[in-house]
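K.L.:
What would the 3D arrangement of this be:
(chains A and B)
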Amino acid sequence: MTAIDAGTALPRQKTDFWPILLPLAMAAIAWPFIGAFSTWLTLTLAGLAMGMMIFAMASGLTLVFGLMDVLNFGHGAFISVGAYLAMVAFTPLAAFTQADSLSINLLALVPAMLLAMATSAAVGYVFERLLVRPVYGQHLKQILITMGGLIVAEQTLYALFGPQIIPLSLPTALRGSLEFGGAAVEKYRLLAVVVGLIVFLCLQFMLNRTKIGLLIRAGVENKEMVEALGYRIRRLFIGVFMAGSALAGLGGMMWALYREQVHASMGGEMMVLTFIVIIIGGLGSVGGCFIGSALVALLVNYAGFLVPKIALVSNILLMVAVLLWRPRGLYPLSSR
Amino acid sequence: MMILSGNPPRGKLLTGLVVLVVGLLALAPFLFPGSKPLNVAAKICVYALLVASYDLLLGYAGIVSFAHTMFYGVGAYGVAIALHALGASWFAVFAGLGAALAVAGALALLIGLFSLRVQTIFFAMVTLAVASAFAVLASQLSWLTGGEDGRTFSVPQALRPGFQLIDSGAFGGAANGRTLAYYLVFGVAAVLFLALLRIVESPFGRVLQAIRENPFRAEALGYRIVVHRTAANVLAALFAACAGALNALWLRYTGPDTTLSFSIMLDILVMVVIGGMGTLYGAIVGAAVFVLAQNYLQALMGVAFGAINKAGLPLVAGFLNPDRWLLWLGVLFILSVYFFPTGVVGRLRADPKP
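P.N.:
Numbering: from 1, shown residues only, chains lettered A, B, ... in the order given. Modelled structure (predicted):
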């Protein structure tokens, strides 16, 4: 028996790098099939932009599940709320969005984003209080109640804004595309990649370098122990739920600008994609969610270009393939 | 072996309600002449069967599936494609139904074996994804399914409105092919509903309920969870496909909006919860309440909408717009999950013990 010396470092967890290689491998494999470098670059960037938006929408969902074992089938409602808020915020700011200058456009875009996030967070708070809180620990009721919440939220949006599809135009400076070595890259997609990366880095920083992040990660692993140490996991959870809703609102707003239209059914449609993403990534894992989003979005873009017929079911095939390799997703939580 | 299940509705009020609904449905062509009431009655029959098959999954096995409309759609499309391709004959109906049952069973088996091993929440997400992919697929493969337009087809001679069973004067002209088609829908739905009642009262149904209540204990007693859950999933899928086939025969049309859309899945959920989960009779009550609300609540809301619009409150009026009827059913749905988890049936049964 050997005594453990205080100076020895704790055994580090091995970094599991295989999943990280997946999107890179997918991009590399797709290249020879697509042929022209410029087309490949356009598709890859489009995929990354889409992936970042999906990540913004899905990250909250996976965190909420990991921390509190609550799967929110009403998550799509926050996506729709964000989309409508983009429209609401842009109407009075029309002078800013139509100016042909990036900085003035951003002056409209940033407050709109903040408004979308704040409103979705507020809706998330109400949602958690009224619907999720009474049914903790009962999966069946959770699914039913949050689904009912989605119906009510969607119908309320129709009642407030009308059932029609509302067109939404991009700020002037973000329209059109840039040239990169013969590849046309839409400006807005670049912005989406930047915003998505910022969100990912902020989340990673918060989770890995702050005390709140430490508590959240500890709560995901073992929430009774965190409670026993005197922390109120309930408050932590409401915070995470609201932050997740805010991110969904941000993602919804960006998605609405990307599609240049707003409709309440959008949330429900995107929710399917976010579910696939968090299943692929491993329920509860933010890193897995990031890789899953990139994989799904890249595959949709490549498959849409190469074999449009398969693109429709490509997500399901990808999910099946990943689950055959790792039955609980790319980065499964150790506690479940 | 008993052929009928020994599971009556129980409770005077509930028995009365079920007898009333079934009686009205049985006599619908004679009590309510005209095509709209008959459509409503047929829809109630189809939905009662569909919701009952979903109740087998949700109420008895405790599994949440979002792919039930997929199986419903498989049944409807099977009959539609066969009648469209082979012409209007009974052979085509049965060929289509057989193929649909095979496809639905195989799909349910695959999904079940693939994802029922883990948590039910996982199954809910996987079925949601698969069903949405299937809906997109059905609307894209237009050479087979007719795409967004769907397939319109003609049904066998005996089910057409022009067909007269006996000479045209009898029963006020009600004895035509349309009435016959209605009784086909009603009869098949009734027989299959009784079969479902029998299944949930069988030892197999008991095991499902045991697994729902305490999976670990059921497993410890020697019942294989995955096998039972998968079997329940396949059974529910087969019954749903039958409901889809009936719907196709009645409407003489099958399209993505009438069979595969996600809103129908939500409708099924609302019906099963309002009627009462895990009771089966809840399916009859839920379907009747829902379809009647869908068809007649809107008219009522239209009146309120007009009045409030005149009073100059456009924001309030927006919530009472007849198109927003689902909003109120959604609120009712949430309230019933909270306060009446056993739904209308559970309330009326008035059992001393739950």
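K.L.:
Can you list the buried residues in stretch A:294-307?
P.N.:
Residues of stretch A:294-307 classed as buried under the neighbour-count rule (16 or more other CB atoms under 10 Å in any protein chain shown) are A:294, A:295, A:296, A:297, A:298, A:299, A:300, A:301, A:302, A:303, A:304, A:305. Quick note: C-beta positions are derived from backbone N, CA and C, even for glycine.
K.L.:
Is the last one in a helix, a strand, or coil?
P.N.:
What DSSP: H, G, I helix; E, B strand; the rest coil gives for residue A:305 is helix.
K.L.:
Secondary structure element for the closest residue to it other than its chain neighbours, which one?
P.N.:
Excluding its sequence neighbours, the residue lying closest to residue A:305 (CB to CB, 6 or more residues apart in numbering or on different chains) is residue A:43, at 5.7 Å. Element membership of residue A:43 [criterion: DSSP states H and E] is helix A:37-68.
K.L.:
Check which helices and strands that helix is in contact with.
P.N.:
In this structure, helix A:37-68 packs against helix A:18-34, helix A:75-90, strand A:183-186, helix A:187-209, helix A:211-221, helix A:233-259, helix A:265-281, helix A:286-306, with contacts taken as 3 or more CB pairs under 8 Å, 6 or more residues apart in numbering or on different chains; DSSP states H and E.
K.L.:
For that helix, buried residues please.
P.N.:
Across helix A:37-68, burial judged by 16+ other CB under 10 Å covers A:38, A:40-68.
K.L.:
ok and that helix relative to helix A:75-90, angle-wise?
P.N.:
On the basis of axes from the mean of the first three to the mean of the last three CA atoms, to 10 degrees, helix A:37-68 is oriented at 120 degrees to helix A:75-90.
K.L.:
and helix A:37-68, average pLDDT?
P.N.:
Helix A:37-68 shows a mean pLDDT of 88.
K.L.:
Against chain B, how distant is residue A:195?
P.N.:
Note on residue A:195: its distance to chain B, by CB to the nearest CB, to the nearest Å, is 26 Å.
K.L.:
Provide a list of residues in contact with that residue.
P.N.:
Counting by CB atoms under 8 Å, 6 or more residues apart in numbering or on different chains, residue A:195 touches A:52, A:56, A:250, A:254.
K.L.:
count of neighbours near the third one?
P.N.:
A count of neighbours around residue A:250, defined by other CB atoms under 10 Å in any protein chain shown, yields 27.
K.L.:
ok, it - contacts?
P.N.:
By CB under 8 Å, 6+ apart, the neighbours of residue A:250 are A:56, A:82, A:113, A:116, A:117, A:120, A:195, A:199.
K.L.:
Show me the two of those residues that sit farthest apart.
P.N.:
The span of the contacts of residue A:250, defined through CB to CB, is set by A:120 and A:195 at 15.3 Å.
K.L.:
which residues touch residue A:312?
P.N.:
B:133, B:136, B:137, B:140.
K.L.:
so does the helix or strand containing residue B:99 get close to chain A?
P.N.:
Assigning secondary structure by DSSP H and E places residue B:99 in helix B:90-115. Yes - against chain A, helix B:90-115 shows contacts by CB under 8 Å from any CB of the partner chain at residue B:114.
K.L.:
One more: stretch B:275-291?
P.N.:
No - residues of stretch B:275-291 contacting chain A under CB under 8 Å from any CB: none, with a closest distance of 8.7 Å.
K.L.:
Buried residues, that stretch. List them.
P.N.:
Within stretch B:275-291, the residues that qualify as buried are B:275-291, counting by 16+ other CB under 10 Å.
K.L.:
now do stretch A:21-30
P.N.:
A:22, A:23, A:26, A:27, A:30.
K.L.:
Around chain A, pick out the residues from the stretch 251-354 of chain B.
P.N.:
So far as CB under 8 Å from any CB goes, the stretch 251-354 of chain B lies against chain A at B:262, B:266, B:269-270, B:273, B:315, B:318-319, B:321, B:323-324, B:326-327, B:329-331, B:333-334, B:337-338, B:341.
K.L.:
again, 10 Å this time
P.N.:
B:262-263, B:265-267, B:269-270, B:272-273, B:277, B:315-321, B:323-338, B:341 (CB under 10 Å from any CB of the partner chain).
K.L.:
Quick one: buried ones out of those residues?
P.N.:
By 16+ other CB under 10 Å, these give B:262, B:265-267, B:269-270, B:272-273, B:277, B:317-321, B:323-330, B:332-334, B:336-337, B:341 as buried.
K.L.:
Wait, residue B:36 touches residue B:295, no?
P.N.:
Yes - applying CB atoms under 10 Å, one finds residue B:36 in contact with residue B:295, separated by 7.7 Å.
K.L.:
just to revisit the earlier point, including pLDDT and distance to residue A:124, could the buried residues of stretch A:21-30 go into JSON lines?
P.N.:
What follows is the buried residues of stretch A:21-30, written out as JSON lines (pLDDT from 0 to 100; distance: CB to CB, whole Å):
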{"residue": "A:22", "pLDDT": "87", "distance to residue A:124": "31"}
{"residue": "A:23", "pLDDT": "88", "distance to residue A:124": "29"}
{"residue": "A:26", "pLDDT": "87", "distance to residue A:124": "33"}
{"residue": "A:27", "pLDDT": "87", "distance to residue A:124": "34"}
{"residue": "A:30", "pLDDT": "87", "distance to residue A:124": "37"}
